[in-house]
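Peer 1: The following comprises the amino acid sequence and a computationally predicted model.
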Amino acid sequence: MDLTVRVWQRWLFFIVVALATIYFLYLVRSVLFSFALGFLLAYLLFRPVRYIERRGIRRLWAILLVYASVLALSFLFLYFALPGIIKEMTALAHLLPRYADQTEEIMSKIDHIDMPHKLKEVFWKNVRDIEEFIYKGLNSLVKGIYDVLETALFLIFAPILAFYVMMDWEKIGDGFLHLFSPPVRLEIKQLFKDIDEVLISFIKGYFLVACIVGGLTGVTAYFIGVKFPLLLGILAGITNLIPFLGAFLGGIPAVLLALTDSWRLALYMALGIVIIQQLESNFITPRIIGNRLGLHPLVIVFALLAGGNLLGIWGMLIGVPLAAVLRVIFSWFYGKIIA
């Protein structure tokens, strides 16, 4: 009995310390942004570093080689894609006033259509709701980008922190494990292994699917004749990182942009988006990701809505992987403590 009480006291102490630590980290969250980004960068790059290290190259040189490869790929992307992105964004900025005039003209025609007063009120209420939804989404996206630019100094330190984390990866892990008793360490290792599998499945799978969907969307827009295919492809790829809602968010701008030219073009673009999303949901995603997250669709929807409510567009991006990690942790606690 005394042993059981001591075990529960130890777990209670651990939970209290963990909650106090989380609260402290929340208070200094702005300072920890670069640390969190550094650890995330280290987490993503450590696997290729280990792969190179196993080929007989020292870790220092392996890290520098991975950094050089990332810089080279980034430079190539910027060299080939950035001019096109700037060109399309400049052209879009010049066309925005014309699109605004076209939208106002369409709304004026709809307003003069002879329909019951109540029906017209319902129609305009839904139009205002859609406008508000789009405005909030764009505002959250712009605010998120502005927040990232505002913390540019922290972004500079992230690769430096990631370098030191990767150099002492095993020491950091062992230092954390020594907080626990020897019998618990194996269980903690298994827990982190399960979390790692979930996160890697999400990161590799969803990013690969997003790249495929973004590429298909851009190519479809290009061949159909919709303006700004590069921007539309990038936008579709980014929004596709959001499960379920991503297809809807990424398809609306493409169809609306095609609508400014003709109804037929908009219909072709909408048909193309539907085909791409059907391919993605029925063939691409099941083959690449499958059911590795282990989450029910209702849980995924709840994670998306909760994340969006708390952190906007960034909350929607991290809501699903965070829910998958919490599922692993709760399953472990249930198996070790409750069951």
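Peer 2: Thanks, I have the structure now.
Peer 1: So which helix or strand of this structure has the lowest pLDDT on average?
Peer 2: In the chain, the helix or strand scored least confidently by mean pLDDT, DSSP states H and E is helix 117-150, which has a mean of 59.
Peer 1: Convert the C-alpha atoms of the helix or strand that that one is followed by to CSV, please.
Peer 2: Sequence order places helix 152-167 as the next helix or strand after helix 117-150, per DSSP states H and E. Output of helix 152-167 as CSV, limited to C-alpha atoms (Å, rounded to 0.1, in the frame of the first residue of the first chain):
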residue,chain,number,x,y,z
ALA,A,152,12.9,37.6,-38.2
LEU,A,153,15.6,37.9,-35.7
PHE,A,154,14.4,34.7,-34.0
LEU,A,155,14.4,33.0,-37.4
ILE,A,156,18.1,33.9,-37.9
PHE,A,157,19.0,32.1,-34.6
ALA,A,158,16.9,29.0,-35.4
PRO,A,159,19.5,27.3,-37.7
ILE,A,160,22.3,28.1,-35.1
LEU,A,161,20.2,26.5,-32.3
ALA,A,162,19.4,23.5,-34.6
PHE,A,163,23.1,23.0,-35.2
TYR,A,164,23.9,22.7,-31.5
VAL,A,165,20.8,20.5,-30.9
MET,A,166,21.9,18.1,-33.6
MET,A,167,25.5,18.0,-32.4
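Peer 1: Name the surrounding residues that touch helix 152-167.
Peer 2: Around helix 152-167, the neighbours that count as contacts under C-beta atoms under 8 Å, 6 or more residues apart in numbering are 33-35, 37-39, 41-42, 45-46, 49, 59-60, 63, 67, 148, 172. Backbone N, C-alpha and C define where each C-beta goes, glycine included.
Peer 1: which residues of this structure score low on pLDDT?
Peer 2: Counting by pLDDT under 70, the ranges of the chain that qualify are 1-7, 28-31, 88-89, 91-155, 243-245, 286, 288-294, 312-313, 336-339.
Peer 1: Please, where are all the strands along it?
Peer 2: For the chain, strands defined by DSSP state E do not occur.
Peer 1: tell me the helices in it, going along the chain?
Peer 2: Taking DSSP state H as the criterion, the chain carries its helices at 2-27, 29-53, 59-111, 117-150, 152-167, 169-177, 182-224, 229-239, 245-259, 263-279, 285-288, 297-333.
Peer 1: want to try a markdown table for those helices, with mean neighbour count as columns?
Peer 2: Below are the helices of the chain laid out as a markdown table (neighbours: other C-beta atoms under 10 Å):
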| stretch | mean neighbour count |
| --- | --- |
| helix 2-27 | 10 |
| helix 29-53 | 16 |
| helix 59-111 | 12 |
| helix 117-150 | 12 |
| helix 152-167 | 16 |
| helix 169-177 | 12 |
| helix 182-224 | 17 |
| helix 229-239 | 22 |
| helix 245-259 | 20 |
| helix 263-279 | 17 |
| helix 285-288 | 14 |
| helix 297-333 | 17 |
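Peer 1: what's the closest non-adjacent residue to the residue nearest in space to the middle of the chain?
Peer 2: A centroid search over the chain (C-alpha atoms, centre = their mean) returns L317, at 3.4 Å, as the residue closest to the centre. Nearest residue to L317 in three dimensions, chain neighbours excluded: L241, at 5.6 Å (C-beta to C-beta, 6 or more residues apart in numbering).
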